[in-house]
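S.K.: Structure for this input, please:
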Amino acid sequence: MPTNTQGTVARNHGVQLVHYISKDFGFADLLGETIVGVIPAGARILRCTLAVTEAFDDTNGDDIDIGFSDGAAELGSAMDANSTAVDAGDVAAGDIVDTAVDRTVYVAATTTPSGDGATGTGTVVVEYTID
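M.R.: Numbering: from 1, shown residues only. So this is what the prediction gives:
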């Protein structure tokens, strides 16, 4: 039954939001530089997730790094991509990442693909809040 009393600030969904960037990518994308998106200055990165929808079948290029330059791994290091699964990155409670400037996020193979594979698809999602 309604009480006609004002709700609390904790229910104000209009100003406190979790934002995200995401990028679908395939095996061919790992052969070059692949940009997920740009995290704005003043953001606090909460979580990085890799969702593999089709396993990557290259002998070497089946682990994924996610970071702030091509091949870097600040957000996710050697994330398993040789089976369909969801893998949380390396952003943990003690490793919350604040950005002082706009930061471009990249996805890359941990080891350069050997070229003997041809399949694999996945999605990278990076969640953040803005101060």
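
S.K.: going forward, measure contacts and count neighbours with C-alpha atoms only.
M.R.: OK.

S.K.: Check what contacts the helix or strand of the chain with the lowest mean pLDDT and list those residues.
M.R.: Every helix and strand of the chain was ranked by mean pLDDT, DSSP states H and E. The lowest is strand 97-98, at a mean of 74. For strand 97-98, the external contacting residues (C-alpha atoms under 8 Å, 6 or more residues apart in numbering) are 42-46, 91.

S.K.: Can you pull out the low-pLDDT segments for the chain?
M.R.: Flagging of the chain using pLDDT under 70 yields the residue ranges 1-15, 90, 92-96.

S.K.: Report all helices and strands that the strand of greatest length in it contacts.
M.R.: Longest strand in the chain, counting residues (DSSP state E): strand 43-54. Helices and strands touching strand 43-54, by 3 or more C-alpha pairs under 8 Å, 6 or more residues apart in numbering; DSSP states H and E, are strand 85-88, strand 97-98, strand 121-130.

S.K.: okay, the angle between the last one and strand 43-54?
M.R.: Here the directions of strand 121-130 and strand 43-54 differ by 170 degrees (axes from the mean of the first three to the mean of the last three C-alpha atoms, to 10 degrees).

S.K.: Would you reformat the contacts of strand 97-98 as CSV and include neighbour count and distance to residue 70?
M.R.: Listed next are the contacts of strand 97-98 as CSV, based on neighbours: other C-alpha atoms under 10 Å; distance: C-alpha to C-alpha, whole Å:
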residue, neighbour count, distance to residue 70
42, 15, 22
43, 20, 20
44, 19, 21
45, 23, 18
46, 20, 21
91, 18, 18
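
S.K.: Which of the residues you listed lies at the shortest distance from residue 58?
M.R.: Within those, distances to residue 58 taken as C-alpha to C-alpha reach their minimum at residue 91, with 26.4 Å.

S.K.: That closest one is in contact with residue 66, isn't it?
M.R.: No. Using C-alpha atoms under 8 Å, residue 91 makes no contact with residue 66, being 10.8 Å away.
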